[in-house]
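Novice: model this:
(chains A and B)
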Amino acid sequence: MTQWFSDTFPNVVYQGWTGDTGWWTSIVQTLYMTFWSAIFGGLLGLIFGIGLIITAPNGIAPNKWTFWIFDKVVSIFRAVPFIILLAFIAPFTKLVVGTQIGTTAALVPLALGVFPFYARQIQVALSEVDSGIVEAAQAVGASFWDIVFGVYLREGRSEIARVSTVTLISLIGLTAMAGAIGAGGLGNMAIAYGYNRFATDTTLVATLLVLIFVLVVQLIGDYLAKKLSHK
Amino acid sequence: MSNPIISLNHIDVTFYQKKRTIEAVKDVSIAINRGDVYGIVGYSGAGKSTLVRVINLLQEPTHGSVVVNDETFFQSDKKANKKTRITTNDLRNRRRKIGMIFQHFNLLNERTVTENVAFALKHSDLNAEQKKAKVAELLALVNLSDRAEQYPSQLSGGQKQRVSIARALANDPEILISDEATSALDPKTTNQILSLLKKLNEELGLTIVLITHEMQAVKEIANKVAVMQDGEIIERGSLLEIFAKPTQQLTKEFIETATNIDKAIATISAQPLVKNLHENELFIRLSYVGDTTDEPLIASLFRDFQVTANILYGNVEILQNTPVGSLLVILSGTDDQIKAAISTLADHHVEIEILKGGK
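Specialist: Down below sits the predicted model:
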């Protein structure tokens, strides 16, 4: 079995398990980038998404200018292709994390790359919350924060779980590009050690690992979306 | 006690859209007394919902003043172009004393029945234990104690509306605004909800503002009625006045939907009996309000004038414990007899409308 494996996938074995270019290292790097940029980008996206909903003309705190700013920031960041964003914001990245290369440096562009996408997703998810429910909450004297947390986020939670899944999966896709600034990860493994070296077996295994990763996220997301809905 | 609990004065609500302005409510003044069940009737788009939303400032008026419980919620000074409004914090507190129920219930889908009612108690002074007791008490009031842990999607329309009534009553309001609350319900459920509202009005002294396009609902429980059209109140009065002597065409239409008298007239007019009316016969409609009906008038027509009355259709509504009726009758007798009979009826405040005379 072991013999068969090392015969069929020589390059995979060559990469090793640990070490700078090992499989375990790559898996951890991908997980690390996905996790932290999901936290930061997610938080930022959530704030912008909620901001877009409540400051909209029919929101609970309509404000033309704030809405305009939220809307334009999201649109502009969404318009920049991620691979360009990586390079473009390098000076800012250095300012924030002290370096512009490596796994941690990738967190800044990843978070900034994913947040506008997530903000739009949240905006759509929360716009599904019936305005009548919001009005009913206002009629019983609910406060601003009661409505944000108790109505929008609570009523929209199943949709939020769904769009978070979509976002997380697209974020995994973005981490694959982070190899361009030396962040490592499974994407980098597939390109730098697989494709560029004609090591098809390495590309295949890296792809399979990403696929498993995506599948797990999708399954958990679907389960949560279903579990959280009582509609 | 003498002041109205709700008083809206010269309310204008104008929506400015890109290229046009919509005057949803035009110079409407309305005073609602404590304990009233005030029905506001109109077709959709008449401005009813917009008008009642002004009461708890879910809709801020463009002009006018809003006084609830002797406190000015909102006032605009057209000349000075100045608007004053109570603080957001005060408004939130006041809103808790104005319950509101909606056509589509607007319950929180992701919360159980108990949690929905408890949501309204979030800022109440009660402690956790008291809140729990209050929710249980409210659910008992609307007869839903056995559904406490279910989600709205597991309930029927009538049950959902009862949850929303429980929620609206959570902070012991003095006013309940019902925005087409029975319009999405079947007739049987509608009656259950209406009798619940009636009970709340009678037992808790709750003032109810009921907006609807169903005259039937107003007839069941309101004591006062206003009819709205194109943002204006075109007719108003006590339920009896409106039903007995409507002056506007629209009001008549609404009353017709509750009594079906016009339909009856059309049907009966097509019958041979009326089609081939004899020379000495008269097809008339008698309308009366109140005590008149206690006297055996129809019988006395024959006794005193030898006029026979053939009753083809009758409709009697008991509104506010007063009968309001319409009869479609063929009178037969000589001209003089009939004339005398009619004048006697008129003396007894029966309104007579001659629908067809014999040839």
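Novice: all strands for the stretch 51-200 of chain B, in order.
Specialist: Listed in chain order, the strands of the stretch 51-200 of chain B (DSSP state E, counting those that start in this stretch) span B:63-68, B:71-77, B:82-85, B:98-102, B:175-179.
Novice: Do a quick rundown of the helices in the chain.
Specialist: In the absence of a named chain, this looks at chain A. Secondary structure of chain A by DSSP state H: the helices cover A:2-8, A:10-15, A:23-55, A:64-79, A:82-88, A:90-97, A:103-127, A:131-139, A:144-145, A:154-155, A:157-177, A:186-188, A:200-227.
Novice: I was after chain B.
Specialist: B:48-55, B:88-95, B:113-119, B:128-141, B:157-168, B:187-204, B:215-221, B:239-244, B:249-259, B:261-269, B:272-275, B:297-305, B:335-347.
Novice: Nearest the geometric middle of chain A, what residue?
Specialist: residue A:171 (3.5 Å; Cα atoms, centre = their mean).
Novice: how far away is that residue from chain B?
Specialist: 26 Å (Cβ to the nearest Cβ, to the nearest Å). Glycine gets a C-beta too; all of them are placed from N, C-alpha and C.
Novice: pLDDT of stretch A:196-204, averaged?
Specialist: Averaged across stretch A:196-204, pLDDT comes to 90.
Novice: can you list the domains in chain B?
Specialist: Listed domain ranges for chain B are B:6-248, B:260-357 (source: automatic domain parsing).
Novice: May I see the strands of the stretch 51-200 of chain B organised as CSV, with mean neighbour count and distance to chain A added?
Specialist: Output for the strands of the stretch 51-200 of chain B, formatted as CSV (neighbours: other Cβ atoms under 10 Å in any protein chain shown; distance: least, Cβ to the nearest Cβ, whole Å):
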stretch, mean neighbour count, distance to chain A
strand B:63-68, 20, 14
strand B:71-77, 17, 13
strand B:82-85, 12, 15
strand B:98-102, 26, 4
strand B:175-179, 25, 8
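Novice: would you list the ones you listed in a markdown table and tack on mean pLDDT?
Specialist: Shown next, in a markdown table, are the strands of the stretch 51-200 of chain B (pLDDT from 0 to 100):
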| stretch | mean pLDDT |
| --- | --- |
| strand B:63-68 | 95 |
| strand B:71-77 | 91 |
| strand B:82-85 | 88 |
| strand B:98-102 | 96 |
| strand B:175-179 | 96 |
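Novice: Among those strands, which comes closest to residue A:42?
Specialist: strand B:98-102 (33.9 Å; Cβ to Cβ).
Novice: can you put the helices of chain B in TSV and add distance to chain A and mean neighbour count?
Specialist: Formatted as TSV, those follow (distance: least, Cβ to the nearest Cβ, whole Å; neighbours: other Cβ atoms under 10 Å in any protein chain shown):
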stretch	distance to chain A	mean neighbour count
helix B:48-55	8	23
helix B:88-95	4	15
helix B:113-119	7	23
helix B:128-141	13	16
helix B:157-168	7	24
helix B:187-204	17	16
helix B:215-221	20	23
helix B:239-244	27	22
helix B:249-259	26	18
helix B:261-269	35	15
helix B:272-275	50	13
helix B:297-305	50	15
helix B:335-347	50	16
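Novice: Nearest to residue A:68, out of those?
Specialist: Going by Cβ to Cβ, the one of the helices of chain B nearest residue A:68 is helix B:88-95, 23.7 Å.
Novice: Measure how the closest one sits relative to strand B:63-68, angle-wise.
Specialist: Per axes from the mean of the first three to the mean of the last three Cα atoms, to 10 degrees, the angle that helix B:88-95 makes with strand B:63-68 is 60 degrees.
Novice: Contacts for helix B:88-95 next, please.
Specialist: Surrounding helix B:88-95, the residues in contact under the criterion Cβ atoms under 8 Å, 6 or more residues apart in numbering or on different chains are A:138-143, B:56-57, B:68, B:71, B:73, B:85-86, B:123.
Novice: Same question for stretch A:8-16.
Specialist: A:5-6, A:21-23, A:189, A:193-194, A:197, A:199, A:201-202, A:205.
Novice: hmm, 7 Å instead?
Specialist: If you take Cβ atoms under 7 Å, 6 or more residues apart in numbering or on different chains as the criterion, stretch A:8-16 is touched by A:6, A:21-23, A:193, A:199, A:201-202, A:205.
Novice: one step back: any of the contacts of helix B:88-95 buried? List them.
Specialist: For the contacts of helix B:88-95, a neighbour count by 16 or more other Cβ atoms under 10 Å in any protein chain shown gives the buried set as A:138-143, B:56-57, B:68, B:73, B:86.
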